[in-house]
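Peer 1: my questions are about this predicted structure, shown below with the sequence.
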Amino acid sequence: MAKKGGTQDVTTRLREAITSGRFQPNERLIETELAGLLATNRANVRTALAQLEQEGLVVHEANRGARVRLVSHEDAIEITQARGALETFVAGLAAARATPTDHAGLRDLVEKMRAAVETGDLIAYSKINGLLHAEILRIAEHRTTAKLLANLNSQVVRFQYRSILLPGRSRRSLAEHEEIVAAICAGDVEAAQRSMSAHLRAAAEALRAR
C-alpha cells in the first residue's frame, strides 16, 4: 500500500483528480497549491507531475510550469485506435489463459452491463465496461501491455463516457462485449481477437461521431 502523502500516493491521487475532471484540460497545476491540497511536500508533487507528464496527462511549459494536457478529439480517436491493436493482442492471450473461474467472472460483468443498459444507467455501464476490460487484461497477464494501456486509457477516460451517450451506442457496445466474452470463454483466440478489434473500431467511430 502506498504511504499516505508519499510519492506513489500523491501520483495516484493527482492522476485520479485529472482523469475524474476535478482538474480541467489546460488548467495550471501549481506545486504549492497541490502540496497543500494533497497534504504533501513540493518534492513529491514535482515527482508526481513528472510521472504524469510521461503518461501524457500533464504538459510542462518553459517559464509557465505544468498544466493538464488538453487531449483533442483527434488525439482521442488515435489513442482509441492504438488501444485497439493492444487490446486485440490481450483478448487473444485471455482466451488462451482464462480459467473456468475467470469465465464466470467475465459473464457476471456482462450481466451487470446488460442490467445497466436495461435501466438506462449509462454511468454504471461505463464503469462496468472499464472493469471488464481491466479483467481481460488481468487474465492475459502481460505486464508490458498493461502499462501501455494504463497510460492510453487515462488520457481518454473523459471521452469514453461521452461516446456511450450516442443514441443506440450502449446496446451495440453491449453486444460487442458479449461477443468478446463468448469467444474468450470458448477459448477461441482468433474469435476473441476479431471481436475485440471490431469493438475498438466501433468505439473509435463513436468518438468520431461525437
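Peer 2: Happy to help now that I have it.
Peer 1: so Ala183 is in which element?
Peer 2: Here Ala183, judged by DSSP states H and E, is contained in helix 169-185.
Peer 1: how about Arg67?
Peer 2: Taking DSSP H and E as the criterion, Arg67 maps to strand 65-68.
Peer 1: that strand pairs with which strands, and in what direction?
Peer 2: Sheet pairing here is set by DSSP bridges, and for strand 65-68 it gives strand 28-29 (antiparallel), strand 58-61 (antiparallel).
Peer 1: got the domain ranges for this structure?
Peer 2: Each domain of the chain is listed here as a residue range: 7-68, 73-209, per automatic domain parsing.
Peer 1: is it possible to get TSV of these that adds mean neighbour count and mean pLDDT?
Peer 2: Bear in mind the C-beta positions are built from the backbone N, C-alpha and C, glycine included. Below are these laid out as TSV (neighbours: other Cβ atoms under 10 Å; pLDDT from 0 to 100):
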stretch	mean neighbour count	mean pLDDT
domain 7-68	16	89
domain 73-209	17	92
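Peer 1: picking that back up, show residues contacting the helix holding Ala183.
Peer 2: Helix 169-185 has contacts (Cβ atoms under 8 Å, 6 or more residues apart in numbering) with 91, 94-95, 98, 103, 106-107, 109-110, 113-114, 117, 122, 125, 129, 132, 136, 139, 163-164, 191-192, 194-196, 198-199, 202-203, 206.
Peer 1: on the C-terminal side of that helix, identify the next helix or strand.
Peer 2: Counting by DSSP H and E, what follows helix 169-185 is helix 189-209.
Peer 1: separation between Val71 and Thr80?
Peer 2: When Cβ to Cβ, to the nearest Å is applied, the distance between Val71 and Thr80 equals 11 Å.
Peer 1: now do the contacts for the residue nearest to Glu27 when sequence neighbours are not counted.
Peer 2: The shortest distance from Glu27 to any residue that is not its chain neighbour, by Cβ to Cβ, 6 or more residues apart in numbering, is 4.9 Å, and that residue is Val68. Contacts of Val68 were listed using Cβ under 8 Å, 6+ apart, and they are Ile18, Phe23, Gln24, Pro25, Asn26, Glu27, Leu29, Leu57, Val58, Val59.
Peer 1: got it, and Leu165?
Peer 2: Leu165 sits next to Leu122 when contact means Cβ under 8 Å, 6+ apart.
Peer 1: spatially central residue for this structure, please.
Peer 2: Centre of the chain computed as the mean C-alpha position; nearest residue by Cα atoms, centre = their mean is Asn153, 3.2 Å away.
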